[in-house]
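**Q** can you look at this prediction? I've put the sequence above it.
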Amino acid sequence: MSFEYLIYGIFEHSSDHIMIPVMVAKFGGSTIGIDGILIPKIIERIQKMIEETKIVAVFSAPLTIYEGKICSVTDVATKVGNN
């Protein structure tokens, strides 16, 4: 399983002023699967990742089936809104 973006950064812990590494992982579209079916696999991946560093997980719109076609939920919302 892959993610669309993987960003490493530094996070300052507010009370101790200690810099710790942080990873931002973005999951969306085909990674999430149709109607979010792959979310359990993403959660498993995140659980493995948090053993190594702090994680910020970002999720974008999953895929869905609309009018017989696979498309993103964002596209469906745009089409419905325009109609």
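**A** Structure received. Residues are numbered from 1 along each chain as shown.

**Q** for the chain, what spans make up the helices?
**A** 39-49, 73-82 (DSSP state H).

**Q** any idea which of those is most buried?
**A** helix 39-49 (a mean of 14; mean count of other C-beta atoms under 10 Å). Any C-beta I mention is one placed from the backbone N, CA and C, and that applies to glycine too.

**Q** chain center to it: distance?
**A** 10 Å (C-alpha atoms, centre = their mean, to the nearest Å).

**Q** so where is this protein shaky, pLDDT-wise?
**A** Residue ranges of the chain with pLDDT under 70: 1-19.

**Q** please redo it, this time with the cut-off set to 50
**A** Along the chain, segments meeting pLDDT under 50 span 1, 4.

**Q** need the strands for it, in chain order.
**A** Secondary structure of the chain, counting by DSSP state E: strands at 5-13, 18-34, 54-66, 69-72.

**Q** my guess is residue 30 contacts residue 64. True?
**A** No - using C-beta atoms under 8 Å, residue 30 is not in contact with residue 64, being 11.9 Å away.

**Q** dump stretch 53-61 to PDB, keeping only the CA atoms.
**A** Provided in PDB are the C-alpha atoms of stretch 53-61 (Å, rounded to 0.1, in the frame of the first residue of the first chain):
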ATOM      1  CA  THR A  53       7.500   8.300  14.500                       C
ATOM      2  CA  LYS A  54       4.600  10.700  15.100                       C
ATOM      3  CA  ILE A  55       2.100  10.500  12.300                       C
ATOM      4  CA  VAL A  56      -0.400  13.000  10.800                       C
ATOM      5  CA  ALA A  57      -2.700  11.100   8.500                       C
ATOM      6  CA  VAL A  58      -4.700  13.100   5.900                       C
ATOM      7  CA  PHE A  59      -7.600  11.500   4.000                       C
ATOM      8  CA  SER A  60      -9.200  12.900   0.900                       C
ATOM      9  CA  ALA A  61     -12.300  11.800  -0.900                       C
END
